[in-house]
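Participant: from the sequence below, what's the structure:
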Amino acid sequence: MNGSRIEPADAGDLDAVVALAVQLWPEEQFEAMREVLHGVIGSPTQQLLVARASGGRIVAFATLSIRTDYVEGSDSSPVGYLEGVFTEPDARAQGIGRALVAAGEAWAVAHGCSEMGSDAYLSNTASHAFHRAVGFSEAGRLVTFIKRIAP
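Facilitator: Below is the predicted model of the structure:
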């Protein structure tokens, strides 16, 4: 892991994490993402983990939740859920993402979970490969739909 350490984020980490998060979710605006992630810090059912390089700079993050609704492929409840994980391109292939997922799994186990779920867009084959590399197996494929209706 090249000297990086994994730890829960605090409010002082927020802007650095949001700068990474908008790379993962480019359709999101910085301030909206900041508000969402601010709500994760200190939540009893959500966790925001960061990976710090040896100089203290945040190079990766993972956001997790505890889901009690149905999670595709699971047969238990609650289920830990990897909502998102991102590592800066120059910090990849060093085990940081794997370490974030492992820390997230430990957090989920501590919250009574025996399974971990996640998802990725069908087109995001790099994410599919990462998930398989850290031990996830594909539970199914899903296409979602929306239809606007008049009130």
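
Participant: show residues contacting the helix ranked longest in the chain.
Facilitator: Longest helix in the chain, counting residues (DSSP state H): helix 96-110. Applying C-beta atoms under 8 Å, 6 or more residues apart in numbering, the contact partners of helix 96-110 are 1-2, 4, 6, 47, 49, 51, 59-62, 64, 66, 79-80, 82, 85, 87, 116, 130, 133-135. Heads up, the C-betas are built off the backbone N, CA and C, glycines and all.

Participant: contacts for the helix or strand that comes right after it, please.
Facilitator: Where DSSP states H and E defines the elements, the next helix or strand beyond helix 96-110 is strand 116-118. With contacts defined as C-beta under 8 Å, 6+ apart, strand 116-118 is touched by 67, 71-74, 79-83, 104-105, 108, 131, 136, 139.

Participant: among these, which one lies nearest to residue 24?
Facilitator: Nearest to residue 24 among those: residue 83, at 10.2 Å, using C-beta to C-beta.

Participant: so which helix or strand takes in that closest one?
Facilitator: Assigned by DSSP H and E, residue 83 falls in strand 79-87.

Participant: who's in contact with residue 46?
Facilitator: 39-40, 63-66.
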